[in-house]
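J.: Dropping the sequence and predicted coords here.
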Amino acid sequence: MNTRLLGPGDAAAAAEILKSGGLVAIPTETVYGLGADGLNTEAVRHIFEVKGRPQDNPLILHVADAQALERWCRDIPETAWELTRRFWPGPLTLILYRKPCVPLQVTAGLETVAMRCPDHPLTRQVLQMAGVPVAAPSANLSGKPSTTTAQHCIHDLWSKVDAILDGGPCRVGVESTILDLTVTPARVLRPGGVTLEQLREVLPDTELDPGLVKPGETPKAPGMKYRHYSPQAEVRLLRGSSAQFADYVRALPDEGTAVLCFSGEEENFPGKRVLCYGSEARPETLSAGVFDCLRELDTPAVQLICAHCPSEAGVGYAVVNRLKKAAGGKLICL
Ligand code: AMP
Ligand code: MG
């Protein structure tokens, strides 16, 4: 397939491709999405095929504004409107009951549907122009780290999709928070760009899904049970001080070992491949950098990635969640 690389002036072209059943990688503030017309079941099927995505892993429907919820969802609780007023457009996905017009191909057979209004000016333009809800999972090959730049999308999807819309690097860098509003109290199924503390300012009794807190339990968001965000190399997630982390890493062979550290720690690992993914004191820099670094280290020369685990404050909670997934669920305390 001939893939077109589109830019900031091309919102109308991207919308046309979506309307005619094509696939477009679209920029959002979280990660890039692999978008298709969510009402076109053939186009939706194509998303699963291109990503190699398991059939039971549902997609998120992206809409231009909160009013769109009425068209695609039923039994919408008042809390949904309170949340959209505070957090939309933004990195919050709401799970609500679907209306019959939402294809089961999008929801993987579920009676619920995931809804989000992304906060990226270019993609909001595309959504408005397309006039359809856009189904989009992250724009990476299934299992691989998510894409946060157009270059990443080119790497994974060139010649497999109709277009890639370059909207620059993603500001947040990890996927949206998924909040289930079909249960009481509301439950976070996946941590992301909107933190639990922020949600509790609006809904004080919001809970974390037991699968996020209890080892051995599987989170309810169907996608979370799969191996995810993983480069070829083994990822080892390590919690401890800078000195403890440096001691652990220094004992490993230089060849084949890469280090994912915080800014200021780069000099501690002479002889090793080192990438700094952000500042420990500013978790939003870690979320913005984590997937880019994991992808850069996804080469045959790297067999082991030692990642320094950040604190779980703010968006750090989502960063730890993604790194833990990449590390096969294991966190090593030094
Ligand atoms: P991705 O966009 O690739 O991060 O995948 C979307 C995520 O949303 C996956 O983890 C899905 O399991 C989750 N998701 C989508 N629809 C639903 C739903 N109806 N209920 C629970 N989780 C959902
Ligand atoms: Mg994904």
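T.: Ah, there it is. Ligands and ions are numbered 1, 2, ... in the order given.

J.: Just the element for residue 249, please.
T.: Taking DSSP states H and E as the definition, residue 249 sits inside helix 242-250.

J.: which residues sit against the helix or strand hosting residue 295?
T.: Element membership of residue 295 [criterion: DSSP H and E] is helix 283-296. For helix 283-296, the surrounding residues in contact (C-beta atoms under 8 Å, 6 or more residues apart in numbering) are 31, 144-149, 152, 155, 169-174, 193, 229, 231, 235, 260, 262-263, 275-280, 305, 310-311, 313-316, 318-319, 322-323, 326. All C-beta spots, glycine's among them, are computed from the backbone N, C-alpha and C.

J.: who does the helix or strand just after that helix pair up with?
T.: The helix or strand immediately downstream of helix 283-296 is strand 304-308, counting by DSSP H and E. Applying DSSP bridges, strand 304-308 is found paired with strand 234-239 (parallel), strand 257-262 (parallel).

J.: So what would you say the end-to-end distance of stretch 25-43 is?
T.: In stretch 25-43, first residue to last residue: 13 Å (C-alpha to C-alpha, to the nearest Å).

J.: list the buried ones in it?
T.: In terms of neighbour count (16 or more other C-beta atoms under 10 Å), stretch 25-43 has its buried residues at 25-40, 43.

J.: Could you see whether ligand 1 lies near it?
T.: No. Stretch 25-43 lies apart from ligand 1 when judged by C-beta under 6 Å from any ligand atom; the minimum separation is 6.8 Å.

J.: mind checking the SS state of residue 197?
T.: helix (DSSP: H, G, I helix; E, B strand; the rest coil).

J.: how close does the closest residue to it other than its chain neighbours get to ligand 1?
T.: Computed as C-beta to C-beta, 6 or more residues apart in numbering, the closest residue to residue 197 that is not its neighbour in sequence is residue 314, at 7.6 Å. Distance of residue 314 to ligand 1, given as C-beta to the nearest ligand atom, to the nearest Å: 20 Å.

J.: and what of residue 168?
T.: For residue 168, the distance to ligand 1 (C-beta to the nearest ligand atom) stands at 20 Å.

J.: Make a PyMOL selection of the buried ones in the contacts of helix 283-296.
T.: Typed into PyMOL, the line below selects the buried ones among those, using 16+ other C-beta under 10 Å:
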select buried, resi 31+144+145+146+147+148+149+152+169+170+171+172+173+174+193+229+231+235+260+262+275+276+277+278+280+305+310+314+315+316+318+319+322+323+326
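
J.: Which of the contacts of helix 283-296 fall in helices?
T.: 152, 155, 316, 318-319, 322-323, 326 (DSSP state H).

J.: near ligand 1, from those residues?
T.: Counting by C-beta under 6 Å from any ligand atom, no member of the ones in helices among the contacts of helix 283-296 is near ligand 1.

J.: Same list (the residues you listed) but as TSV, adding pLDDT.
T.: What follows is the ones in helices among the contacts of helix 283-296, written out as TSV (pLDDT from 0 to 100):
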residue	pLDDT
152	98
155	97
316	98
318	97
319	98
322	96
323	96
326	93
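
J.: so which two of those residues are the farthest from each other?
T.: Within these, two members stand farthest from each other by C-beta to C-beta: 155 and 316, at 27.0 Å.

J.: sorry, back to before: comparing the strands paired with strand 304-308, which stretch has the densest surroundings?
T.: Counting by mean count of other C-beta atoms under 10 Å, strand 257-262 has the highest mean neighbour count of these, with a mean of 24.

J.: quick one: it to chain centroid distance?
T.: Counting by C-alpha atoms, centre = their mean, to the nearest Å, strand 257-262 is centred 22 Å from the centre of its parent chain.

J.: got the CA coordinates for it in PDB?
T.: Output of strand 257-262 as PDB, limited to C-alpha atoms (Å, rounded to 0.1, in the frame of the first residue of the first chain):
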ATOM      1  CA  THR A 257      23.100  -4.100  28.600                       C
ATOM      2  CA  ALA A 258      21.400  -0.800  28.200                       C
ATOM      3  CA  VAL A 259      20.300   1.700  31.000                       C
ATOM      4  CA  LEU A 260      17.200   3.800  31.200                       C
ATOM      5  CA  CYS A 261      17.900   6.400  33.900                       C
ATOM      6  CA  PHE A 262      16.900   9.800  35.200                       C
END
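
J.: Enumerate residues external to that strand that contact any of its residues.
T.: Contact with strand 257-262 is made by 233, 242, 245, 249, 268-269, 272-280, 286, 290, 293-294, 297, 302-308, 310, as judged by C-beta under 8 Å, 6+ apart.

J.: out of these, who's near ligand 1?
T.: Okay, of the contacts of strand 257-262, nothing touches ligand 1 (C-beta under 6 Å from any ligand atom).
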